[in-house]
Each structure stands twice: as structure tokens, then as C-alpha cells.
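**Q** predicted structure and sequence below. I'll ask about it afterward.
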Amino acid sequence: MANGRLTTSVEELRKAIASLKMPGELRSRQFEMREWPRLRDEYEAIRIAQYDDEEALRTAVQRACVDDPDMCRRLPVDQIIRG
């Protein structure tokens, strides 16, 4: 469904999807998850922040080092993630 009606037009559906906007708080949360060092999802963030899950932290640090090795060498990634 696009523009309030059913359609089989792939192009119309793509345009409708591209025009979707997330609510403000959800949008900012999504951007936070994409910044370096990015977390996979809210579940990973909760495991690290609330449960002090070392495996989740290690995985997030490894991901950050793959995403940006230079930043990983210069900054305490684990502290930034816990931050």
C-alpha cells in the first residue's frame, strides 16, 4: 500500500518507503547506534550497560576496531562504549 491505496508499482512503493520518517526519539536512537563505535542493537547496549556483559563488550570493541582501526588504536574503545 502506498499513498493510501494498493499498488503493484515497484517505483511508487520505493518512493513511499524513501519518504517515511521515523519519530524524533527513535530517529536519534538509530543515529546513535550507527555512530562509531556503533552497537548492533538495543539488546547489545543493555547487555553492556546494565549487565556488564564482557562478551558483548568484547564483540562491540572488535566491531569498532574493524570499522575504524585508526580510532581503535588512539582511543580507549571499551571505555567509550561503556560511557
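**A** Great, that's in hand. Owing to the predicted nature of the structure, the values given are computational and were not obtained by experimental measurement. Numbers count the residues shown, from 1 in each chain.
**Q** who's in contact with the top helix by length along the chain?
**A** Taking DSSP state H as the criterion, the chain has its longest helix at helix 54-67. When contacts are defined by CB atoms under 8 Å, 6 or more residues apart in numbering, helix 54-67 is touched by residues 36-40, 44, 47-48, 71-72, 77-78, 81-82. For every residue, glycine as well, the C-beta is placed using N, CA and C.
**Q** flag the shaky bits of the protein, pLDDT-wise.
**A** Scanning the chain with the threshold set as pLDDT under 70 gives 1-3, 20-34.
**Q** strands along that one, start to end?
**A** With DSSP state E as the criterion, the chain has no strands.
**Q** returning to that earlier point: quick one, which of the contacts of helix 54-67 are buried?
**A** Among the contacts of helix 54-67, those scoring as buried are Pro37, Arg38, Leu39, Glu44, Arg47, Ile48, Cys72, Val77, Asp78, Ile81 (criterion: 16 or more other CB atoms under 10 Å).
**Q** what residues sit buried inside stretch 42-54?
**A** Across stretch 42-54, burial judged by 16+ other CB under 10 Å covers Glu44, Ala45, Arg47, Ile48.
**Q** show me where the chain has helices.
**A** With DSSP H as the criterion, the chain has helices spanning 10-18, 24-34, 42-49, 54-67, 69-74, 77-82.
**Q** can you list the ones you listed in a markdown table and add distance to Gly4?
**A** Shown next, in a markdown table, are those (distance: least, CB to CB, whole Å):
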| stretch | distance to Gly4 |
| --- | --- |
| helix 10-18 | 10 |
| helix 24-34 | 23 |
| helix 42-49 | 32 |
| helix 54-67 | 40 |
| helix 69-74 | 45 |
| helix 77-82 | 43 |
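**Q** in the longest helix of the chain, what's buried?
**A** Under 16+ other CB under 10 Å, the buried positions of helix 54-67 are Ala56, Leu57, Thr59, Ala60, Val61, Arg63, Ala64.
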